[in-house]
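Novice: structure here, sequence nowhere to be found:
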């Protein structure tokens, strides 16, 4: 990947326990591998290297994948996550080379994000944003509720529902996480620090796999789509 | 259906052209019938009668369903809709008997709503609310965007994503629609008029069918669930 300054590294966060799924969903079979293998392969194709953050109980990839390896690529590094998503991102960031200029954070449970989406967020940061995130228009009517009663209908015209991959200037992301804040959302940390976060068009099929039905949905998408990262 | 006052009628709104779907999605095959037939059957089981609002071009049910009928039930009435959703709801309301005490408005494209969900919203109105709507917690991170740049992360802790069926005191709904306002959301009209709208727990599988993939999803749900309204 040609970059005008430094390199691009991805942090794929797959440290959740997947309780809704009945098992660690990131290791469920999908296409020719597992969910997380597909997420990592797409991230790797769009970067100079990937840090994959796995749960403590599955610290050894030998426990996590049928082949005992997430990838044979030496630029795919596996580390152990922390108790929260933010802690896991920090674990991943600690293994990103210090000369990386851009870091892309991606949910391991979003295996259907396209290479084009990775490029779009990285390019937006190259053009000067502190961070770039994919967003989709909000289709649902949203209400604000207090004590079971509606107090307002939310104006959704200028709202987006956010996905990953999210690209960051490496220095901005490291600074945002230095506080140790337990945010569920990396971009929010950058916003709070006054950084400029831009939105690129998200992808309808780029769902976060949460239930077994989501996994069926993902398989069906792969069956009809071009099956390659 | 035993009600302490007046009757319960449902208005099933299926007047959209379904452009994203490539055809009128409400007439796509689903289970043993069509999408709208399933929506109507569930609504009928929870009410004393149903007014089904169809598109102008498909005013005759003979055009709309393989059998030429939506239902053989004389308490299922078919009317032609208007140019907007609100206009179509008004077309339906005009055919609801004047002694109906509660009106349930339901999207024809939500065929997977359960009978229990209809009961839940109707019961909440019987207990004194002006309206009752199903809502689910918002899973996505939401951002407010201006000119492509994030200006805020939305606090979603007290937000719900709204579904149908939505139940209303009949007089309240008629009054809310009397203004002719072009709202996409019936409950919002009631809120604006100062009515009390309560939220009951929505259903994960109660999606609004928008794309062909949604329809596959619905078929898969029926294959694993109890297939009856």
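Specialist: All right, it came through fine. Just so it is clear, the model here is predicted, and its values are computed rather than measured.

Novice: and the spatially most central residue of chain A, what are its bridge partners?
Specialist: Centroid-nearest residue in chain A: residue A:106, 1.6 Å away (criterion: Cα atoms, centre = their mean). When bridges are called by DSSP bridges, residue A:106 pairs up with residue A:12.

Novice: my guess is it contacts residue A:41, does it?
Specialist: No - look at residue A:106 against residue A:41 with Cβ atoms under 8 Å: they stay out of range, at 11.5 Å. No exception for glycine: its C-beta is placed from N, CA and C like everyone else's.

Novice: got the residue ranges for the strands in chain A?
Specialist: Taking DSSP state E as the test, the strands found in chain A are A:7-13, A:29-30, A:33-34, A:49-54, A:76-80, A:100-107, A:131-137, A:142-146, A:149-153, A:159-162, A:166-169, A:197-201.

Novice: in TSV, list those along with mean pLDDT.
Specialist: Listed next are those as TSV, based on pLDDT from 0 to 100:
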stretch	mean pLDDT
strand A:7-13	96
strand A:29-30	88
strand A:33-34	88
strand A:49-54	94
strand A:76-80	91
strand A:100-107	97
strand A:131-137	97
strand A:142-146	96
strand A:149-153	95
strand A:159-162	97
strand A:166-169	98
strand A:197-201	98
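
Novice: which one of the ones you listed lies nearest to residue A:114?
Specialist: For these, proximity to residue A:114 was assessed by Cβ to Cβ; strand A:131-137 is nearest, at 10.2 Å.

Novice: sketch out the low-pLDDT regions of chain A for me.
Specialist: Applying pLDDT under 70 to chain A flags residues A:1-5, A:17-23, A:58-69, A:225-229.

Novice: so which residues of it form helices?
Specialist: With helices called from DSSP state H, chain A shows them at A:35-45, A:61-64, A:85-93, A:115-126, A:170-178, A:186-192, A:212-224.

Novice: out of the ones you listed, flag the one nearest chain B.
Specialist: The closest of the helices of chain A to chain B is helix A:186-192. By Cβ to the nearest Cβ, the value is 4.5 Å.

Novice: give me the contacts around stretch A:204-214.
Specialist: With contacts defined as Cβ atoms under 8 Å, 6 or more residues apart in numbering or on different chains, stretch A:204-214 is touched by A:20-22, A:25, A:28, A:35, A:107, A:109-114, A:117, A:134, A:136, A:163, A:215, A:217-218, A:221, A:225, B:139, B:204-205, B:211, B:213, B:217, B:220-221.

Novice: measure it end to end?
Specialist: 13 Å (Cα to Cα, to the nearest Å).

Novice: again with stretch A:72-92
Specialist: Rule used - Cα to Cα; the end-to-end distance of stretch A:72-92 is 19 Å.

Novice: same check, this time on stretch A:25-43
Specialist: Using Cα to Cα, first and last residues of stretch A:25-43 are 18 Å apart.

Novice: ok, the residue nearest to residue A:111 when sequence neighbours are not counted - contacts?
Specialist: In space, and not counting its chain neighbours, residue A:111 is closest to residue A:38: 3.9 Å by Cβ to Cβ, 6 or more residues apart in numbering or on different chains. Residues in contact with residue A:38 (Cβ under 8 Å, 6+ apart) are A:30-31, A:111-112, A:229.

Novice: dump the residues you listed into TSV; add neighbour count as well.
Specialist: As requested, those are arranged in TSV below (neighbours: other Cβ atoms under 10 Å in any protein chain shown):
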residue	neighbour count
A:30	21
A:31	19
A:111	30
A:112	24
A:229	19
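
Novice: ok, the residue of chain A positioned farthest from its centre to residue A:137 distance?
Specialist: Most distant residue from the mean C-alpha position of chain A: residue A:149, 34.5 Å away (Cα atoms, centre = their mean). Distance, residue A:149 to residue A:137, using Cβ to Cβ, to the nearest Å: 27 Å.

Novice: what does residue A:223 give?
Specialist: As for residue A:223, its distance to residue A:137 is 27 Å (criterion: Cβ to Cβ).

Novice: more neighbours: these two, which one.
Specialist: Neighbour count, other Cβ atoms under 10 Å in any protein chain shown: between residue A:223 and residue A:137, residue A:137 has more, with 12 against 9.
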